[in-house]
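> generate coordinates for the sequence data below:
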Amino acid sequence: MEVKPGYKQTAVGIIPEDWDAVRIGDLFTFKNGLNKAKQFFGHGTPIVNYMDVFGYPGLRVALIGGRVDVGPKELSAYEVRQGDVFFTRTSETVEEIGIASVMLDEPEKTVYSGFILRARPSDESLDDAFKAYCFSAHYFRQQVTARASYTTRALTNGRSLSAALLARPPKAEQRTIATALSDVDALLDALDRLIAKKRDLKQAAMQQLLTGQTRLPGFSGEWEVKRLGKLADIRSGGTPSTTDGRFWDGDVPWCTPTDITALNGRKYLDSTARTITSAGLAASSAEIIPAFSVVMTSRATIGECAINTVPLSTNQGFKNFVPFEDVDVDFLYYLFSTQKQGFIRLCGGSTFLEIGKTQLVGYEVRLPATKDEQTAIAAVLSDMDAEIEALEARRAKTRDLKQAMMQELLTGRTRLVRPGDSGAGAC
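Just a heads-up that it's a prediction; the model follows:
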C-alpha cells in the first residue's frame, strides 16, 4: 500500500509518523491469577472473574460481584490496582481468549481469578480510558489469536501476549480517541436502557390486554373460553430420510427449531435454513403449512412461536396452528407467548418434554368473542414490537458504527487531532 505523507510503514501496518508500534511486553508485566478450591468462593474479598473481563472493557468496582476467601499473602500477591489490564487466558475458542478489560477505579482489597492474566503497567504511556479500546483493534486481535495454543481448550499466556505489538498514539490523542468512542458507548447504553423499558411496557400491556383486565375503547362483553382445537387446525411436521438426496435442497422451506431461535424474538418467519423437495414432503409426515399460520416448537424447547409469511413445512419438533376464519393469527401468536408454562405442564413431568396434538386440542384459553377485538389487541402489540425492532436496528447500526470508528481511530487512518497538536512523544 502507498504510504501517504505524514504516515510510516511499521510491523502493525501504516500508522501516523508521530505514533509508534510498541511491544506489549515493554508496556506491561504479566502475572497469572489466583486459583483456589470451590469452598473458598462466595464470600470474602472481591475477585475479578473471567466474565467480568469478557463483559466489560472498562471495569468498575461496582461491577465486581464475585467473592473469595483469601489470606494477607494472597491479597498482596494478586492485588488489583487502577490501570491494571486483564486478559482472558483460556476459553473454548480462540476468539474468546485475550479479551481485555481495564480497571478504571481504584479498588480496595481486590484480587483476580486464575482464568485471567493481569497486565500491570510498567509506565504511564497509555491512558486508562484508551486501554478500554486499544486491545480490541482488529490488527491486535489477529496477533493474539495467531499466537494462541490449543489442546482441549484455547490458551494464551503472558509470554505470547508480550510479543504482540500495539499502535500507540501520543497520550493526548489517546484521550481524544477514548472520548469519541466512549460517547458512542454512552449512546449504546442509552439505547439498551430504552429497549429494556419498551420491552417491560410491552410485557405489562400483554398482561393487561391478553387477559381482558384492560379493554380497548369500543369493546365490551364477556370473553369466551375455548379449546385450541376450536381456534385452529393443528398440524404436525416430519423429517424425510436424511440418506436420500432426492428429498433435500428442493423448493419447499423446511423449518427446524433453530430457525425460530434465530429470529431472536421477532414475530415473522420468511425463510428457513433448509429445504426439502416435493418427493421429500410426500415421503414423510411433513405437510405444507399455509402462510400466516403459527408454527410452535413442541419438543424439548416448548412454546417458541413465529408466524410464517410463506407456505412451509416443519420437522417433527413442531405443532402448527392454521387459524380458522374467526381467529386473528397475530392475536393467536401473542396469546401463545403467554401460555408457555401451561404448555410445559401438558408434558406431564416427563424427562424429555414434548406436547402431542391430542393434548393441545383440548387446551383451553380465554379470548375475545369477536375477531375485531382480537385484531385491535394484536395491532397495539404489533405497534410496540415495531418500535422495539426499530430501536434494535438503530442499536445494531450504532454498534457497526463503533466498530468502524475503532478500526479507523485505533490505526490512525482517521485522526481527530491535527498532527503536532496532540503533544510531543508517546508520554
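> how are the strands of the stretch 51-200 of the chain distributed by residue range?
58-59, 67-68, 85-88, 90-91, 100-103, 111-112, 116-121, 149-150, 154-155, 165-168 (DSSP state E, counting those that start in this stretch).
> can you list the strands that the second one pairs with?
Note on strand 67-68: by DSSP bridges, its sheet partners are strand 41-48 (antiparallel).
> list the buried residues for the partner strand?
Thr45, Pro46, Ile47, Val48 (16 or more other Cβ atoms under 10 Å). All C-beta spots, glycine's among them, are computed from the backbone N, C-alpha and C.
> give me the contact list for that strand.
Applying Cβ atoms under 8 Å, 6 or more residues apart in numbering, the contact partners of strand 41-48 are 34, 59, 61, 64, 66-70, 75, 80, 86, 103, 107, 109-113, 116.
> show me what Ala154 bridges to in the sheet.
Ser91, Tyr150.
> I'd say it and Gly98 touch.
No: using Cβ atoms under 8 Å as the test, Ala154 is too far from Gly98 to be in contact (9.4 Å).
> okay, those two: which has more neighbours?
Neighbour count, other Cβ atoms under 10 Å: between Ala154 and Gly98, Gly98 has more, with 24 against 20.
> the nearest residue to that one once chain neighbours are set aside and Asn157: what is the separation?
Nearest residue to Gly98, sequence neighbours excluded (Cβ to Cβ, 6 or more residues apart in numbering): Val144, at 3.5 Å. Distance of Val144 to Asn157, given as Cβ to Cβ, to the nearest Å: 11 Å.
> quick one, which of the two is more surrounded?
Higher neighbour count among Val144 and Asn157: Val144, with 23 against 17, using other Cβ under 10 Å.
> do you know how far that one is from Leu194?
With distances taken as Cβ to Cβ, Val144 is found 34 Å from Leu194.
> note down every partner strand of the helix or strand Val322 falls within and its orientation.
Applying DSSP states H and E as the criterion places Val322 in strand 318-323. The strands beside strand 318-323 in its sheet (DSSP bridges) come out as strand 232-236 (antiparallel), strand 294-299 (antiparallel).
> now the ones you listed in TSV, with mean pLDDT and distance to Tyr139?
Listed next are the strands paired with strand 318-323 as TSV, based on pLDDT from 0 to 100; distance: least, Cβ to Cβ, whole Å:
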stretch	mean pLDDT	distance to Tyr139
strand 232-236	95	52
strand 294-299	94	42
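> could you dump those strands to a markdown table with distance to Gln341?
Output for these, formatted as a markdown table (distance: least, Cβ to Cβ, whole Å):
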| stretch | distance to Gln341 |
| --- | --- |
| strand 232-236 | 20 |
| strand 294-299 | 14 |
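> can you put those strands in JSON lines and add mean neighbour count?
Listed next are the strands paired with strand 318-323 as JSON lines, based on neighbours: other Cβ atoms under 10 Å:
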{"stretch": "strand 232-236", "mean neighbour count": "18"}
{"stretch": "strand 294-299", "mean neighbour count": "24"}
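> can you tell me the element the residue sitting nearest the centre point of the chain falls in?
In the chain, the centroid-proximal residue (Cα atoms, centre = their mean) is Asn264; its distance is 9.5 Å. Counting by DSSP H and E, no helix or strand carries Asn264.
> how close does it sit to Ala129?
32 Å.
> same deal with Thr152?
Thr152 sits at a distance of 37 Å from Ala129 (criterion: Cβ to Cβ).
> who has more neighbours, the two?
Neighbour totals were compared for Thr152 and Ala129, and Ala129 leads with 17 against 7 (other Cβ under 10 Å).
> need the contact list for that one.
Applying Cβ under 8 Å, 6+ apart, we find Ala129 in contact with Gly58, Leu104, Gln174, Arg175, Ala178, Thr179, Ser182.
> how about Asp330?
Taking Cβ under 8 Å, 6+ apart, one finds Lys267, Ile307, Thr375, Ala378, Ala379, Leu381, Ser382 in contact with Asp330.
> list only buried entries from the residues you listed.
Buried, going by 16+ other Cβ under 10 Å: Lys267, Ile307, Ala378, Leu381, Ser382, out of those.
> farthest pair within those?
Farthest pair in the buried ones among the contacts of Asp330 (Cβ to Cβ) is Ile307 and Leu381. Separation: 12.6 Å.
> quick one: Gly303 and Gly280, what's the gap?
Taking Cβ to Cβ, one finds Gly303 at 27 Å from Gly280.
> neighbour-wise, which of the two wins?
Gly280 (25 against 19).
> quick check, that one in contact with Phe247.
Yes: here Gly280 reaches Phe247: they are 3.0 Å apart, a contact under Cβ under 8 Å.
> list residues touching both of the two?
With Cβ under 8 Å, 6+ apart, Gly280 and Phe247 have common neighbours Pro240.
> on that earlier part again, which members of the contacts of strand 41-48 are classed as buried?
For the contacts of strand 41-48, buried by 16+ other Cβ under 10 Å: 34, 59, 64, 66, 68, 70, 75, 80, 86, 103, 107, 110-113, 116.
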